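No sequence on hand, only this structure:
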RNA sequence: GGCGCCGUACCCAAGUGGUAAGGGAGAGGUCUGCAAAACCUUUAUGCGGCGGUUCGAAUCCGCCCGGCGCCUCCA
């Protein structure tokens, strides 16, 4: 079964077939950089990171573009709100571009910690003003937009398919009570392509319609098409951006090019706290920097991947702790396998067939990136491996290598889990003094144990544990690892 | 009000027509000086409720109850 992807446009899973064979153009809505990222961002970008990694694993040459929104994103109503970046810059009394720089760095710092591979291109909206103006010109020339008072709006009535992504129609929305009616727009659903800037507005650029700044939706259209072409394969983003943001992107893009914009729309669900959406407006968000103080970033990554990207994920410390223990279990197995390989025992040992696990893992991932099921396969594999390793014969060296490769391919390369931590301790510390000191203590403790000096041997174990070195006595001797 | 989603064991969470994955926690056991790790056994005749379709439903349909999202910024 080839890769199936749930396409919001079709409201069902579809077989994935890229526009150009072997290549995938993918765009994901990036952050608006006016504050530290929270767990919700983590879910979104971890999910898409795994999607990119899996597509690459399947052999596709992926060009992954994720924007940085640094202008035009307004605080509330699309017409009357304040630019988020400018607002923050006033609070901090710094230039807007300082806000942008600070939180862009903060964003990448957090994403790096989560093991997220950086996008191939991270275009800034402010770096693509010219492209955006060009697009507005096109839309005006085509009669899809109109100018009022030095601002330009998109006329949703000119695009009959408006609403096809989110499943709504303009007339129904018109009766909706929550849309602000009094405005210079012809229709409440029309949206800003270009906004006139008041003189005190710092971020503004000259345009054929006067000095102003681009509307929020515009950047994603012009930047995605600039780097991926007028039609590309995958556009991802948070489900809350399905409407209006993505709907508007489709309208602008398809009207300006006359071509289909995106083939597959992917939307990830959100993180909730006590069943309620985690968001900046509700103020119930947990920043990643705070979360990292309590939890290993990889544990948070694992916690996220244990639920499906299209499901909501309820945040709780209890749930993350449980995930952490599960991850540790997998890490222990990986570690154990690597140590066995290093021991390099000869020939003997049971052969281990990975085919079943490989099948389960890839079938799960092929089914709309079902990471929870893929992880379940890893757990089952882990148990089977541990079981055999505890047997007198152990596992053959050849099989151990295959298992190690399996964990590297699927666990490390695709899911982005147990990278460096599990690879460290005994394995890559040759020549360092620290492991030699630990070995020295272990030798002393061994003697104590042989003489049944339990108080001393337990004390050594406790003291080492306090230093972050965990001992485990087995029948083959004592092994240790860093906690 | 419009559109849509969800409700699975003590907790988290897959499964969307063929007889309930996985993780955590709990209980019992093997190993062990102890601890830890690991392994084994065990914990939902039932998947919010009630009807219906079907040989067969957690999975499809209807109604009801509960929760949530979008429709205004939000990953």
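In hand now; what should we look at? Remember, predicted model here, so these are calculated numbers, not experimental data.

How far off centre is stretch A:311-325?
Here stretch A:311-325 is found 17 Å from its chain centre; the criterion is C-alpha atoms, centre = their mean, to the nearest Å.

Repeat that for stretch A:82-92.
Relative to its parent chain, stretch A:82-92 has a centroid offset of 26 Å by C-alpha atoms, centre = their mean.

any residue of it up close to RNA strand B?
Yes: in terms of C-beta under 7 Å from any atom of the strand, part of stretch A:82-92 sits within range of RNA strand B, namely residue A:84. C-beta: built from backbone N, CA, C; applies to glycine.

List the buried residues in that stretch.
Neighbour-count burial for stretch A:82-92, with 16 or more other C-beta atoms under 10 Å as criterion, is recorded at A:83-89.

can you check stretch A:283-299 too?
The neighbour-count check on stretch A:283-299 (16+ other C-beta under 10 Å) flags A:285-288, A:291-292, A:295-299 as buried.

which other residues reach that stretch?
Stretch A:283-299 is touched from outside by A:36-42, A:106, A:110, A:113-115, A:273, A:276, A:278-279, A:300, A:315, A:317, A:320-321, A:323-324, A:327, A:416-419, A:421, with contacts defined as C-beta atoms under 8 Å, 6 or more residues apart in numbering.

Filter those residues down to the buried ones and hand me the PyMOL line.
Here is the PyMOL command that selects only those of the contacts of stretch A:283-299 that count as buried (16+ other C-beta under 10 Å):
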select buried, chain A and resi 36+37+38+39+40+41+42+106+110+113+114+115+273+278+279+300+315+320+323+324+327+416+417+418+421
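
Narrow the contacts of stretch A:283-299 to those in helices?
Within those, residues falling in helices by DSSP state H are A:39-42, A:106, A:110, A:113, A:300, A:317, A:320-321, A:323-324, A:327, A:421.

What are the neighbouring residues in contact with the closest residue to RNA strand B within the stretch 301-450 of chain A?
Here the residue of the stretch 301-450 of chain A nearest RNA strand B is residue A:326; by C-beta to the nearest atom of the strand that distance is 2.4 Å. For residue A:326, the contact set (C-beta under 8 Å, 6+ apart) comprises A:302, A:306, A:379.

The last one and residue A:325: what is the separation?
Using C-beta to C-beta, to the nearest Å, we find residue A:379 at a distance of 12 Å from residue A:325.

Those two - which one has more neighbours?
Here residue A:379 and residue A:325 are compared on neighbour count by other C-beta atoms under 10 Å; more neighbours surround residue A:379, at 13 against 9.

List the residues that contact that one.
A:326, A:329-330.

please redo it, this time with the cut-off set to 7 Å
Contacts of residue A:379 were listed using C-beta atoms under 7 Å, 6 or more residues apart in numbering, and they are residue A:330.

what's the spacing between the closest residue to RNA strand B within the stretch 151-300 of chain A and residue A:147?
When distances are taken as C-beta to the nearest atom of the strand, the stretch 151-300 of chain A reaches nearest to RNA strand B at residue A:238, 2.6 Å away. For residue A:238, the distance to residue A:147 (C-beta to C-beta) stands at 31 Å.

Of the two, which one has the most company?
When residue A:238 and residue A:147 are compared on other C-beta under 10 Å, the one with more neighbours turns out to be residue A:238, at 19 against 16.

What's opposite the more buried one in the beta bridge?
On the basis of DSSP bridges, residue A:238 takes part in beta bridges with residue A:268.

Does it touch residue A:270 like I think?
Yes: taking C-beta atoms under 7 Å as the contact criterion, residue A:238 and residue A:270 are neighbours in contact, 6.5 Å apart.

still on that earlier bit, is it possible to get the buried residues of stretch A:283-299 out as CSV so that each row also shows distance to RNA strand B, pLDDT and secondary structure?
Shown next, in CSV, are the buried residues of stretch A:283-299 (distance: C-beta to the nearest atom of the strand, whole Å; pLDDT from 0 to 100; DSSP: H, G, I helix; E, B strand; the rest coil):
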residue, distance to RNA strand B, pLDDT, secondary structure
A:285, 7, 91, coil
A:286, 10, 94, coil
A:287, 12, 95, strand
A:288, 12, 97, helix
A:291, 13, 96, helix
A:292, 17, 96, helix
A:295, 14, 94, coil
A:296, 14, 93, coil
A:297, 16, 95, helix
A:298, 14, 95, helix
A:299, 11, 96, helix
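
among the residues you listed, which two are most distant?
The distance between the two most remote of those (C-beta to C-beta) is 20.8 Å, for A:285 and A:298.

Out of the helices and strands in chain A, which is least certain?
Of all the helices and strands that make up chain A, helix A:420-423 has the lowest average by mean pLDDT, DSSP states H and E, namely a mean of 44.

what's the following helix or strand after that one?
Helices and strands here follow DSSP states H and E; after helix A:420-423, the next one along the chain is helix A:433-450.

Residues contacting the next helix or strand after that following helix, please?
From helix A:433-450 onward toward the C-terminus, using DSSP H and E, the following helix or strand is helix A:454-466. Identification of contacts with helix A:454-466 by C-beta under 7 Å, 6+ apart yields A:441, A:445, A:448-449, A:471.

and of those residues, the nearest to residue A:254?
For the contacts of helix A:454-466, the minimum distance to residue A:254 (C-beta to C-beta) is 63.4 Å, reached by residue A:471.

Tell me the strands beside the helix or strand the closest one falls within, with direction?
Remark: residue A:471 resides in strand A:469-474, with elements defined by DSSP H and E. Using DSSP bridges, the strands paired with strand A:469-474 in its sheet are strand A:477-482 (antiparallel).

Show me which residues of the partner strand are buried.
For strand A:477-482, burial by neighbour count (16+ other C-beta under 10 Å) applies to A:478-481.

now, among the residues you listed, which is nearest to RNA strand B?
Distance from RNA strand B was checked for each of these by C-beta to the nearest atom of the strand. The minimum falls on residue A:478, at 7.6 Å.

That closest one and residue A:438: what is the separation?
Looking at residue A:478 against residue A:438, where the rule is C-beta to C-beta, the gap reads 10 Å.

which regions of the stretch 301-450 of chain A lie under the pLDDT threshold?
A:345-347, A:419-431 (pLDDT under 70).

So which bits of it are right by RNA strand B?
Taking C-beta under 7 Å from any atom of the strand as the test, the list of the stretch 301-450 of chain A residues beside RNA strand B reads A:306-308, A:311-314, A:316, A:318-319, A:321-323, A:325-326, A:328-329, A:332, A:367, A:370, A:372-373, A:375-376, A:379-380, A:382-383, A:386-387, A:389-390, A:449.
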